[in-house]
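Student: coords please:
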Amino acid sequence: MKYAVIDLSSTGVSTVVAEGDKATGIFSAVYKDRTNIAVADYFDGRAISARGIEKLIDALITARSTVKAMGVEECYCISTAALRNINNIEEVAEKIRMRTGIVINYLDGVTEAYCDFLSNRKYAAYDKVVLIDIGGGSVELCDLKKENKDDMVCLDFGPIKLRNKYVVDIYPTEEQSKHIKKYVRKRSDEANLGGRGEFTTAILVGSINDAIYAAYSEFCEKEKMSVDFGYGKFKKFCKWLSYSPDRTRLIMKVAPEKIHVLPVAAIVLKELLKRFKPDNVVISDCGVKEGYLSLVAKGGENAVPVDLAAGVPTYSQVEPMIRTKKKKSKVNS
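Tutor: Model prediction:
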């Protein structure tokens with residue numbers, strides 16, 4: 001059977017289609033796609049604008065049509081910190097349901113981290129492994145030797161929150177960077193993350209880490225260095241990001257939709273790598289979506305599937321319902 005997970009994140013809508021058996025909980029990805037949307041552009045710190053909601057809806061309709069055309073029999077739509085931290089979540093969810101027929105399954109931070117863990121257990125063969133997933137609204141960490149969900153760590157901040165809190169422009173100033181570093185260290189200490197020597201391998205998960213690595217690789221090529229991931233070189237990259245006039249050109253080349261999160265995310269990653277000082281850094285090709293399939297298969301999540309058999313309502317069908325809701329709201333007020 002074919003299964004699919006559609007994920008609403010702070011930087012877009014991504015889809016994975018996998019073949020497998022729910023009885024075994026083993027799945028193999030056969031298709032991946034992503035529609036990049038810089039949600040931060042439509043976010044005022046509290047709510048997503050009407051235009052931002054429309055862009056999410058368009059991307060979801062496309063993803064839904066794609067998985068249906070591919071013969072997917074079971075599909076789930078999830079969202080992590082990208083939506084659970086906004087004030088108008090009910091409005092966004094209702095508009096998405098009415099326009100696409102999709103009900104969103106919300107993952108809390110610990111469940112998100114556990115999904116990362118489930119999809120990356122193969123790396124447990126390495127010695128002393130920490131998994132790091134920097135999302136737009138949170139940071140998840142897992143010690144791959146600890147298999148209980150309660151052992152997962154979710155830090156309830158991400159590049160978007162840090163940027164809104166400390167940064168005036170796209171790139172943090174030297175002083176703003178110091179505040180971000182201090183905050184990351186403080187929260188890491190409070191979470192008892194451990195330190196140097198506790199982990200020898202770091203597994204980087206998620207689209208933001210992918211974008212950081214893509215920018216880092218371009219930087220290494222530009223500087224005529226090997227692209228293997230070393231803390232010393234990554235530190236130089238972060239310093240280059242803080243002042244180089246070519247930084248915007250490089251980011252726009254490899255990850256334009258991450259322009260608002262990548263500079264701050266790189267600081268967060270540098271602080272975590274500085275803390276652990278791993279000998280080896282690996283970029284994973286699996287993340288929350290793949291882990292979510294395993295979690296559902298194990299019965300660990302009471303998920304609401306997307307009804308792929310139902311048609312997507314046209315706007316002419318939805319608009320009268322929207323007007324009716326507005327009229328009822330005025331009467332009730």
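Student: Need the contact partners of stretch 180-193.
Tutor: Applying CB atoms under 8 Å, 6 or more residues apart in numbering, the external contacts of stretch 180-193 come out as 141, 153, 155, 157, 162, 165-167, 172, 264, 267-268, 271-272, 275-276. For the C-beta atoms, the positions are set from N, CA and C on the backbone; glycine is no exception.
Student: cutoff 10 Å now
Tutor: 130, 139, 141, 143, 153-157, 159, 161-163, 165-167, 172, 194-195, 199, 263-264, 267-272, 274-276 (CB atoms under 10 Å, 6 or more residues apart in numbering).
Student: filter these to the buried ones?
Tutor: Listed as buried from the contacts of stretch 180-193 are 130, 139, 141, 143, 153-155, 157, 159, 161-163, 166-167, 172, 199, 263-264, 267-272, 274-276; burial here means 16 or more other CB atoms under 10 Å.
Student: Go ahead and confirm residue 217 touches residue 234.
Tutor: No. At 11.0 Å, residue 217 does not count as touching residue 234 under the criterion of CB atoms under 10 Å.
Student: The two: who's more crowded?
Tutor: For residue 217 versus residue 234, the count of surrounding residues by other CB atoms under 10 Å is larger for residue 234: 21 against 18.
Student: and that one, what helix or strand is that in?
Tutor: helix 231-243 (DSSP states H and E).
Student: now residue 245, what's its secondary structure?
Tutor: At residue 245 the chain is in coil, as set by DSSP: H, G, I helix; E, B strand; the rest coil.
Student: now it: how far from residue 220?
Tutor: Distance, residue 245 to residue 220, using CB to CB, to the nearest Å: 19 Å.
Student: who has more neighbours, the two?
Tutor: More crowded of residue 245 and residue 220, by other CB under 10 Å: residue 220, with 19 against 6.
Student: where does that one land on pLDDT?
Tutor: At residue 220, the model reports a pLDDT of 95.
Student: Next secondary structure after the lengthiest helix in the chain?
Tutor: Looking across the chain with DSSP state H, the single longest helix is helix 50-69. Using DSSP H and E, the next helix or strand after helix 50-69 towards the C-terminus is strand 74-79.
Student: Report the angle between that next one and helix 50-69.
Tutor: Interaxial angle, strand 74-79 versus helix 50-69 (axes from the mean of the first three to the mean of the last three CA atoms, to 10 degrees): 160 degrees.
Student: just how off-centre is strand 74-79 within its chain?
Tutor: Mean-position distance between strand 74-79 and its chain equals 15 Å (CA atoms, centre = their mean, to the nearest Å).
Student: tell me which strands and helices it is in contact with?
Tutor: Applying 3 or more CB pairs under 10 Å, 6 or more residues apart in numbering; DSSP states H and E, we find strand 74-79 packed against strand 2-9, strand 12-21, helix 50-69, helix 89-100, strand 104-106, helix 109-119, helix 288-297.
Student: Out of the ones you listed, which gets nearest to residue 149?
Tutor: In terms of CB to CB, the element of those nearest to residue 149 is helix 109-119, at 4.7 Å.
Student: any chance of the helices and strands packed on strand 74-79 in TSV, plus distance to residue 224?
Tutor: Shown next, in TSV, are the helices and strands packed on strand 74-79 (distance: least, CB to CB, whole Å):
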stretch	distance to residue 224
strand 2-9	34
strand 12-21	32
helix 50-69	38
helix 89-100	46
strand 104-106	46
helix 109-119	34
helix 288-297	36
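Student: I'd like those laid out as TSV, including mean pLDDT and mean neighbour count.
Tutor: Shown next, in TSV, are these (pLDDT from 0 to 100; neighbours: other CB atoms under 10 Å):
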stretch	mean pLDDT	mean neighbour count
strand 2-9	92	24
strand 12-21	90	20
helix 50-69	92	18
helix 89-100	88	17
strand 104-106	91	19
helix 109-119	93	25
helix 288-297	92	24
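Student: The spatially most central residue of the chain and residue 113: what is the separation?
Tutor: Centroid-nearest residue in the chain, with CA atoms, centre = their mean: residue 135, separated by 4.2 Å. As judged by CB to CB, residue 135 and residue 113 stand 10 Å apart.
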